[in-house]
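J.: quick check, what structure comes out for this input:
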Amino acid sequence: MTAPQPQETRARSTTIHLSATRARVAVVGYGYIGAVIAAALAQRGYDVTGIDVRPAVVEEANAGRTSVPEPGLREAVHEAYAAGCLRATVDYAACAASDVIVVTVGTPLDALQGADLTQVREAAMGVAKHLRRGQLVVFKSTMPPGTTERVVRPLLEEGSGLKCGEGFLLAFSPERLAEGHALAEFATLPVVVGGVDAASTRAAAEFWRDALDVEVVEMTSATAAELSKLACNWWIDANIAIANELAMLSDALKVDATDVIRAANTLPKGQHFVNILSPSVGVGGYCLTKDPWFVHDLGRRHGLELRTARAGREANDRMPQYTVGRIEKELRKQGRSLAGARVAVLGLSIKANTGDVRFTPAQHVLSALQQRGADLVVCDPMVHAEDAARVTSLPVGGDVEATLRDADVVIGLANHDAFKSVGVERFAELVKPGAFVFDGRSLFTKAEAAALRGLALTYCGVGR
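T.: As a prediction, the model looks like this:
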């Protein structure tokens, strides 16, 4: 077997030159991230076609609409559609007319806590049938390191009859957007790219620079770029786990974890400062709940016992039960119980000002509260009814004041602006006198918490 050539050697053999200026782009996988990327590129004048196997999603896009719960996305999709720059189809044949093909399909956990690459393989095979000479293919789906080189590349080459580097270019560029800020971050965050060869890295970097006018970080390989995505979410999840366990310890010591974290974060370390994130009722979302398991599984496959990824996941997964246990404990001190209490729950989504409920920890909190006989009234004005129905059988309203009215207990599970706008005095007027307030997402500042106590309400929270 001939040893693989270094990237620089292979790069000299390619004659592909891709101009990304106003390129035609196909976005394969028109889900949460796919819709954001498609709309943002179309708004910038690119001719964008979304490709998705779900007819309902395609039909919605071709009506200029989206049900993806991301601030500003509905307007962006409508604007791009009205300008004739955005359309969708179930037919992979649309790839043939594109200069750049961006793949953003899902990579859920499999039964062994590794990556299920079914959608990645299906997308690669679908693209390969219509791949033509000179195209750039960029995968953004979060994948175990080595997937672009060892899984995607062979499928594209076998299905198209073309050779990577000679017939087409292939790179990985991780998706790094946060729900609630995706459109703004897509236009400003540095983009990481790593190709299977130097020409692919260069072409992908040029495309994103032209498309977004942002900093592009060029990696030495697609594998390095893939690992960079996992490194980010590994760090975030582990950091939140530290914050959550620090909050648990602060509760035991009867100190305010937010004060402890604020003090700790003033210490310079390396190029930055100590940066402990905020504790909460748990971690949700599509990426943070699975990517650390990808890391753990990857280590296992290489004979390594990577303990921090697993520890972070386990620490964060137990926070919903800890939250409910803490509420019960505090109520018992007052001779009260969850059973039969009118409990107003503010928030179902995973974070502030987004309607994303994928793997939301609120689901587990609600289930535990139901088991204890609480009379639940749930409010989240950011969440669509059909999305709410996927995580709870309870009705989820959008009227904050109606939810708070006559509540014995209030539990904050998301710090939406709509909740904050009620104001402390109005909040106290709506709930029952002496109501118990548990803040699971730092909905109230320290001063507001003191004001609630001054209005004869009981206030506590995770680490508070």
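J.: going forward, measure contacts and count neighbours with C-alpha atoms only.
T.: OK.
J.: distance of residue 105 from residue 259?
T.: 41 Å (Cα to Cα, to the nearest Å).
J.: so between those two, which is more surrounded?
T.: Per other Cα atoms under 10 Å, whichever of residue 105 and residue 259 has more neighbours is residue 105, with 26 against 14.
J.: and stretch 226-239, which residues are buried?
T.: Using 16 or more other Cα atoms under 10 Å as the test for burial, stretch 226-239 gives 226, 227, 228, 229, 230, 233, 234, 235, 236, 237, 238, 239.
J.: where is the longest helix in the chain?
T.: helix 222-253 (DSSP state H).
J.: let me see the contact set for the closest residue to residue 176 other than its chain neighbours.
T.: Once flanking residues are discounted, residue 176 sits nearest to residue 229: 7.2 Å by Cα to Cα, 6 or more residues apart in numbering. Going by Cα atoms under 8 Å, 6 or more residues apart in numbering, residue 229 touches 142, 174, 175, 176.
J.: between those residues, which has the most around it?
T.: residue 142 (28 neighbours).
J.: can you tell me the SS state at the residue nearest to residue 39 when sequence neighbours are not counted?
T.: Excluding the flanking residues, the one nearest residue 39 by Cα to Cα, 6+ apart is residue 77, at 5.2 Å. Three-state assignment for residue 77 (DSSP: H, G, I helix; E, B strand; the rest coil): helix.
J.: per-residue pLDDT, residue 77?
T.: What the model reports for residue 77 is a pLDDT of 96.
J.: quick check: it touching residue 64?
T.: Yes - contact criterion Cα atoms under 8 Å: residue 77 and residue 64 qualify, at 6.0 Å.
J.: residue 64: neighbour count?
T.: Look at residue 64: counted by other Cα under 10 Å, it has 20 neighbours.
J.: gap between the residue nearest to it when sequence neighbours are not counted and residue 125?
T.: In space, residue 64 comes closest to residue 78 once its chain neighbours are excluded; the distance is 4.7 Å by Cα to Cα, 6+ apart. Residue 78 sits 31 Å away from residue 125, taking Cα to Cα as the criterion.
J.: domain parsing for this structure?
T.: Residue ranges for the structural domains of the chain, counted by automatic domain parsing, are given in the record as 7-220, 230-316, 318-461.
J.: least reliable of those going by mean pLDDT?
T.: Averaging pLDDT over each of the domains of the chain puts domain 7-220 lowest, since it has a mean of 91.
J.: does residue 321 belong to a helix or a strand, and which?
T.: helix 319-333 (DSSP states H and E).
J.: any idea which helix or strand comes after that helix?
T.: Beyond helix 319-333 toward the C-terminal end (DSSP H and E), the next one is strand 342-346.
J.: can you pull the buried residues of the helix or strand following that next one?
T.: Downstream of strand 342-346, the next assigned helix or strand under DSSP H and E is helix 362-371. The neighbour-count check on helix 362-371 (16+ other Cα under 10 Å) flags 362, 363, 364, 365, 366, 368, 369 as buried.
J.: what residues are up against residue 30?
T.: Per Cα under 8 Å, 6+ apart, neighbours of residue 30: 50, 51, 52, 57, 104, 105.
J.: in those residues, find the pair that's most separated.
T.: Greatest spacing in these, by Cα to Cα: 57 and 104 (14.5 Å).
J.: ok so, going back, any chance of the contacts of residue 30 in CSV, with distance to residue 217 and secondary structure too?
T.: Converted to CSV, the contacts of residue 30 look like this (distance: Cα to Cα, whole Å; DSSP: H, G, I helix; E, B strand; the rest coil):
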residue, distance to residue 217, secondary structure
50, 26, strand
51, 27, strand
52, 29, coil
57, 33, helix
104, 19, coil
105, 23, coil
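J.: most neighbours among those, please name it.
T.: residue 50 (32 neighbours).
J.: give me every residue that touches it.
T.: Here residue 50 is in contact with 26-30, 34-35, 38, 58, 86-89 (Cα under 8 Å, 6+ apart).
J.: show me which of those are buried.
T.: Listed as buried from these are 26-30, 34-35, 38, 58, 86-89; burial here means 16+ other Cα under 10 Å.
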